[in-house]
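In: Okay, here's the prediction I keep looking at, along with the sequence it came from:
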Amino acid sequence: MEFDSVMLSRLLTATTLLFHVIFATIGVGVPIMIAIAEFLGIKRKDPHYLLLARRWARGYTITVAVGVVTGTAIALQLSLLWPSFMQVAGQVIALPLFMETFAFFFEAIFLGIYLYTWDRFKNRWMHFLLTIPIVLGSFMSAFFITTVNAFMNTPQGFEIVNGETVNIDPLAAMFNPATPVKVFHVVASSYMTIALILAAIAAFTLLRNKGSIYHKKALRLTMISALIFTAATTFAGDLSAKFLAENQPEKLAAAEWHFETETNADLVMFGTIDENGEISNAIRIPSALSFLAGNSFDTEVIGLNEFPEDERPPLWIHYMFDLMVSIGMYSLFISGLFVLFMIVKRFNEWNKPLLWGIVASGPLAMLAVEFGWIYAEVGRQPWILRGYMKVGEAATTSTDVGVALALFIGLYAFLAFFCVTVLIKMFKNKPAEAELEQRFPKGTID
Amino acid sequence: MSLEIVGITVLWTFLYGYLIVASIDFGAGFFAYYARVSKQEHIMSKLISRYLSPVWEVTNVFFVFFFVGLVGFYPDTAYYYGTALLIPGSIAIILLAIRGSFYAFGNYGSKNSSFYLFLYGATGLLIPASLSTALTISEGGFLDVKNDNVVFLAQELFTSPYSWSVVVLAIVSVLYISASFLTFYADRAEDSQSRSIMRKFSLFWSAPTILASLMVFVALREHNPVHFEKMLGLWWMFALSLLFFFIAVWFVYQQKNYGIAFIMVMLQFFFAFFGYGASHLPYILYPYITIQGSVVNEAMGTALVIVFIAGFLLLIPSLFLLMRLFLFDADYIKGKK
Ligand code: HDD
Ligand code: HEM
Ligand code: HEM
């Protein structure tokens, strides 16, 4: 590996994005959970749910701040690190980037109002209504930025004639073939991840014996949500694989170490590969890859050998894909189990191993998001704009990228440290029971 | 109006919006820290935090809007500024990041940390200084283009009197705008102690603001005579700016009409800012980028303008609601809600 400005730019982009995406996922996922909890709280006149909404929202203020500042960083870095890419791609895909700023505006305004008006309206439903623009705004942010990323994978809406970009159609670029599936998978996985993280916190508190009825309600609510969202995520993931088989076969093939185009292709899980393409220690599921790619065992799956060697993505993304899928399966299992235990009265859903399993699922889900993005992005290599521009042609020629990389790594370490410390302090100083007593002394919501 | 004029007008208007709301925010950080150090904290800090808490994220979006829009309407700017500004741009981002996050950490998390407040106050002055250099660079003379490579002449920037005069102007303007607003806000809150402190600040920073503007004029004449000539052509805008300045100071001095005084301050900066901007045209980056030469293709440009209008219609009522709840609601300002 050579640390030229291209490599350093990639590293800096990857660092910023992988850090931002943690907070972006929180940003997309938390509003929906807050909205559900507040809705239940008002509907059932249950102070527990209202307090849940309120405490989640309070933690959210901290993570939003980090999401906003890292988002500002990545938006500027796109121009600073990939000037040639932005100069060309900007002609075609500037629209969703611009629309995204309106989504931010919208969300920011209503979030500001929401956080400071808990007790300002006589009718509590008024306050609940404010969650709608927030959920919508964060969804639109995710939607718009994901269309940009989709465009990089399946560019359309323009033609290159004699080096000039002509016949530009901004809407066609935005609604490119990758957009629907990608948006579905990204949004569903954000919802799922947040439901699991909030569940993990509740489960952890219960395990430490500090839990109460409040935490039990929280766990039930988040686990039911998690089951639904996880099912949606895996379904969307399945659609993504089928999409790749059709439109970006080299990405799927690299993830599956699949070289020869064939029907009845096997699914390869984990294992190792040597220089000659010999795979060992892997779990092979016969014909499963064909099924994943096209819902029938005799679907023909295009192999990597169809592509020139310098246009193949690196093979290590195999592990990213496998880890993401495994975590998806695990989450489906654990949330299904909890809900089953909840429904069948004979089982005890509060048993310790199950709770520990839930605690693990939160961080794992966030890791799955990271693995998924690494897979999606590195799987596009060597292209920055698939079929049109390679990463190497797009990077800045500045010689200072290394300095910038060091500065930003420092910044993110600093932000991560303070973010976690502040969050821990915030909730330690004010346990839920004490706050419940203080805000709702009569035990009812009015 | 042609696309490139519409585009730059929209962007410049948003940059003006950012100039006002961000100055209030940046300056407030300084005053909050000052209040802590001079032990007058209990009076002012509540006031400042009541205003800032609900709106700081909105302020940031103004900025994001501006540069995303700039790259959208004029993609070539990404190429020139992007290549040249990696390090100064990164430093500005880092300062903004520290400020934004520590505001939230300090405000919602652990109250009363002097360290957070110091960072918050210091970055409030450093950020305008570093952001203003983007405008300085746009005057030309700080970038060199050699066989398709853009090189940033940092040495020139650090030794240029023009560049330093802009930095000074940025900092004093921030303090002046912020103090004028907070005087008005304190008045609305019927918080007479804060009002009298902020009023003194507002008067104190008024003269330096005008002096610094004159310095910028003088330095620009040396640095970019072409632009200076064009500014003289728009002399009436700067004259109006000066007039509004006098009215504003007069009201504050008379201890009345603080609201109108603040509007006068906004008008003062409006005319100066648009006078500067209009005379800068057609260049975005002298002499490499003009608005005509760099404007995005027509299909995209039209789409951006349509989205802008639609988005604006969505924003106006929302912003109005925000202001009604937090800026014009007397009970909220007084801390009763
Ligand atoms: C909680 C997170 C999570 C979980 C459990 C899964 N995914 Fe995923 N996956 C993502 C989070 C994610 C993501 C972060 O949202 C990605 C990255 C880029 C994208 O479009 O979505 C992604 C990308 C991604 C891609 C690449 C899409 C592209 O580049 O266009 C495929 C093929 C899959 N996923 C397939 C799956 C399958 C078959 C799963 C089965 C269980 C699965 N994912 C679970
Ligand atoms: C937020 C979720 C995202 C994450 C976590 C992410 C992650 C990554 C990673 C890990 C790389 C490094 C790839 C490599 O070096 O081989 C990368 C590259 C890149 N990504 Fe993404 N990405 C995300 C979304 C996006 C979006 C929405 C865009 C465009 C608007 C984008 C633009 C780029 C660019 C320009 C590069 C550098 C070129 C390249 O290496 O392919 N990314 N990203
Ligand atoms: C190249 C990729 C990206 C860029 C350029 C980008 C840009 C930004 C910017 C500028 C902000 C700050 C907005 C503000 O000032 O309020 C932000 C925040 C945010 N971003 Fe990103 N973003 C990227 C990737 C993503 C992805 C992939 C998602 C969603 C899956 C996402 C979701 C969000 C959300 C929800 C926020 C709001 C802050 C929060 O609630 O935490 N972003 N982003």
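Out: The structure has been received and is ready for your questions. These numbers were taken from a predicted model, which means no experiment stands behind them. Ligands and ions are numbered 1, 2, ... in the order given.

In: list the helices and strands the helix or strand A:Val403 falls within packs on?
Out: Assessed by DSSP states H and E, A:Val403 sits inside helix A:401-428. Where contact means 3 or more C-beta pairs under 8 Å, 6 or more residues apart in numbering or on different chains; DSSP states H and E, helix A:401-428 is packed against helix A:5-43, helix A:47-81, helix B:86-104. Yep, even glycine has a C-beta here, placed from its N, CA and C like the rest.

In: got the buried residues for the first one?
Out: Think helix A:5-43. For helix A:5-43, a neighbour-count test (16 or more other C-beta atoms under 10 Å in any protein chain shown) marks A:5-13, A:15-17, A:19-38, A:40-42 as buried.

In: That one and ligand 3 in contact?
Out: Yes - Helix A:5-43 is in contact with ligand 3 by C-beta under 6 Å from any ligand atom, via A:20-21, A:23-24, A:26-28.

In: So which of those is the closest to ligand 2?
Out: Closest approach to ligand 2 among these (C-beta to the nearest ligand atom): A:Val21, at 3.8 Å.

In: contacting residues for that closest one?
Out: Residues near A:Val21 by C-beta atoms under 8 Å, 6 or more residues apart in numbering or on different chains: A:369-370, A:373.

In: gap between it and A:Met329?
Out: 22 Å (C-beta to C-beta, to the nearest Å).

In: same check, this time on A:Leu130
Out: 37 Å.

In: Mind checking which of the two has more residues around it?
Out: Shown here are A:Leu130 and A:Met329; by other C-beta atoms under 10 Å in any protein chain shown, A:Leu130 has more neighbours (18 against 12).

In: Go ahead and confirm A:Phe23 touches A:Thr63.
Out: Yes - between A:Phe23 and A:Thr63 there is a contact under C-beta atoms under 8 Å: 5.4 Å.

In: Excluding residues flanking it in the chain, which one is nearest residue 23?
Out: This is for chain A. Sequence neighbours aside, A:Gly67 is the residue nearest to A:Phe23 in space, at 3.5 Å (criterion: C-beta to C-beta, 6 or more residues apart in numbering or on different chains).

In: My question was about chain B, not that one.
Out: Nearest to B:Ser23 is B:Ile177, by C-beta to C-beta, 6+ apart, at 4.0 Å.

In: Would you mind listing the buried residues in the helix or strand where the one you found lies?
Out: Following DSSP H and E, one finds B:Ile177 within helix B:161-188. Neighbour-count burial for helix B:161-188 flags B:162-188 (criterion: 16+ other C-beta under 10 Å).

In: Give the other helices and strands that it contacts.
Out: By 3+ C-beta pairs under 8 Å, 6+ apart, helix B:161-188 packs against helix B:3-37, helix B:41-73, helix B:114-137, helix B:192-223, helix B:235-253, helix B:258-280, helix B:330-333.

In: Would you mind saying which of the ones you listed lies nearest A:Tyr114?
Out: Closest to A:Tyr114 of those is helix B:41-73 (C-beta to C-beta; 9.5 Å).

In: could you give the mean pLDDT of the closest one?
Out: Average pLDDT, helix B:41-73: 74.

In: confidence score at the residue of the stretch 151-300 of chain B found nearest chain A?
Out: Closest contact between the stretch 151-300 of chain B and chain A, by C-beta to the nearest C-beta, is at B:Ala299 (4.5 Å). Per-residue confidence for B:Ala299 comes out at a pLDDT of 78.

In: now swap in A:Ile32 and tell me
Out: Value for A:Ile32, per-residue pLDDT: 93.

In: thought it was touching A:Tyr191?
Out: Yes - the pair A:Ile32 and A:Tyr191 passes the contact test of C-beta under 8 Å, sitting 5.8 Å apart.

In: Find the residues that touch each one of the two.
Out: With C-beta under 8 Å, 6+ apart, A:Ile32 and A:Tyr191 have no common neighbours.

In: ok, A:Phe104 - contacts?
Out: A:71, A:137, A:141, B:61, B:64.

In: 7 Å instead, please
Out: When contacts are counted by C-beta atoms under 7 Å, 6 or more residues apart in numbering or on different chains, A:Phe104 touches A:141, B:61, B:64.

In: Mind pulling the model confidence for the residue nearest to the first one when sequence neighbours are not counted?
Out: Take A:Ser141 and drop its neighbours on the chain: the residue closest to it by C-beta to C-beta, 6+ apart is A:Ala103, 4.5 Å away. At A:Ala103, the predicted lDDT confidence score is 87.

In: Tell me the first helix or strand C-terminal of whichever strand or helix holds A:Ala103.
Out: Element membership for A:Ala103 (DSSP H and E) is helix A:83-115. Heading C-terminal from helix A:83-115, the first helix or strand you meet, by DSSP H and E, is helix A:124-129.

In: near ligand 2, which residues of chain B?
Out: So chain B never meets ligand 2 (C-beta under 6 Å from any ligand atom).

In: Let me know how buried the residue of the stretch 101-250 of chain B found nearest ligand 2 is, in neighbour terms.
Out: Proximity to ligand 2, evaluated over the stretch 101-250 of chain B using C-beta to the nearest ligand atom, is greatest for B:Ser101 at 18.4 Å. Counted by other C-beta under 10 Å, the residues lying close to B:Ser101 total 27.

In: shouldn't it be in contact with A:Ala65?
Out: Yes - with contact defined as C-beta atoms under 7 Å, B:Ser101 counts as touching A:Ala65 (4.8 Å).

In: Report the entries of the contacts of A:Val21 that also contact ligand 2.
Out: Within the contacts of A:Val21, those near ligand 2 by C-beta under 6 Å from any ligand atom are A:Trp373.

In: Looking at the contacts of A:Val21, which are in helices?
Out: A:369-370, A:373 (DSSP state H).

In: which one of those residues has the most neighbours?
Out: So for the ones in helices among the contacts of A:Val21 (other C-beta under 10 Å), the most neighbours sit at A:Val369, 23 neighbours.
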